[in-house]
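Q: just need the structure, nothing else, for what follows:
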Amino acid sequence: MCTGKCARCVGLSLIPLSLVCILANTLLLVPNGKTTWTNENLTSQVWYMAGFIGGGLMVLCPGIAAVRAGGKGCCGAGCCGNRCRMLRSVFCSAFGVLGAIYCLAVSAAALQIGPKCFMNGKWDYHFKGTSGAYLRNQTQWDLCEEPPHVVAWNVTLFSLLVAASCLEIVLCGIQLVNATLGVFCGDCRGKEVRQRGVDL
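A: Just a heads-up that it's a prediction; the model follows:
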């Protein structure tokens, strides 16, 4: 596959993944779909905005850059084998890897610690000492009185963020290598166009 086509495929995969992360982080701010909870009632990892910033905006940038790198030409048709857009995509992809790693680290920590909820007359991280064992024991999830169903809500959305950020790390890594090859080798599509011109 040409570096340009590969970049476009990667970019078109990164963009929806980043939007999924943004949506998941937004939903974490409203447990059970309700906006009545204050900052003190929400898990601290939610406020780190790992899905919105890390897996979202910091990956959306390399996604768009990869799609643009998959276009033909950078300063006009066939210019430099699209090397300048590929070079920009190299830096954007590295930036995206950092954002996805941040999202993965925060989301994994949130799953291990568990949500902040009201139980036994106080707000606290009641599952913190279980080292994530509560994830396999769903009977404990209903022990949280408020917010309602917060454990299932957080586990679902943070698990989604973990899965999405893992895919983002892989895709940004692929684009990092692909764009580097594109900088040094150019895009085979440009070579194909020039070859057709010679044949004519």
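
Q: and the lowest mean pLDDT element among the helices and strands of this structure?
A: Ranked by mean pLDDT, DSSP states H and E, the weakest helix or strand in the chain is helix 188-199, scoring a mean of 50.

Q: all helices for the protein, in order.
A: Under the criterion DSSP state H, helices of the chain are mapped to 3-28, 58-69, 83-113, 150-185, 188-199.

Q: most tightly packed of these?
A: Most buried of those, by mean neighbour count (mean count of other Cβ atoms under 10 Å): helix 58-69, with a mean of 25. Where C-beta positions appear, they are placed from N, C-alpha and C, glycine not excepted.

Q: which stretch among the helices of the chain comes nearest residue 48?
A: With Cβ to Cβ as the measure, helix 83-113 is the member of these nearest residue 48 (5.0 Å).

Q: now do that closest one: which elements does it pack against?
A: helix 3-28, helix 58-69, helix 150-185 (3 or more Cβ pairs under 8 Å, 6 or more residues apart in numbering; DSSP states H and E).

Q: spatially central residue for this structure, please.
A: In the chain, the residue lying closest to the centroid (Cα atoms, centre = their mean) is residue 55, at 2.9 Å.

Q: I'd guessed it sits against residue 163; true?
A: No. Shown here, residue 55 and residue 163 do not form a contact pair, counting by Cβ atoms under 8 Å, at 10.3 Å.

Q: hmm, residue 148 is touching residue 33, no?
A: No. Between residue 148 and residue 33 there is no contact under Cβ under 8 Å: 9.9 Å.

Q: neighbour count: the two, which is higher?
A: Higher neighbour count among residue 148 and residue 33: residue 148, with 14 against 10, using other Cβ atoms under 10 Å.

Q: not counting sequence-adjacent ones, nearest residue to that one?
A: residue 32 (5.1 Å; Cβ to Cβ, 6 or more residues apart in numbering).

Q: measure that neighbour to residue 140 for me?
A: 18 Å (Cβ to Cβ, to the nearest Å).

Q: so the two - more neighbours on which side?
A: Of the pair residue 32 and residue 140, residue 140 is the one with more neighbours under other Cβ under 10 Å, namely 17 against 14.

Q: and the gap between the more buried one and residue 134?
A: The value you get for residue 140 to residue 134, if Cβ to Cβ is used, is 5 Å.

Q: identify the contacts common to these two.
A: In terms of Cβ atoms under 8 Å, 6 or more residues apart in numbering, residue 140 and residue 134 are both contacted by the residues 127, 151.

Q: how much space separates residue 157 from residue 130?
A: For residue 157, the distance to residue 130 - Cβ to Cβ - is 19 Å.

Q: pretty sure residue 99 contacts residue 55?
A: Yes. At 6.4 Å, residue 99 and residue 55 qualify as touching, with contact defined as Cβ under 8 Å.
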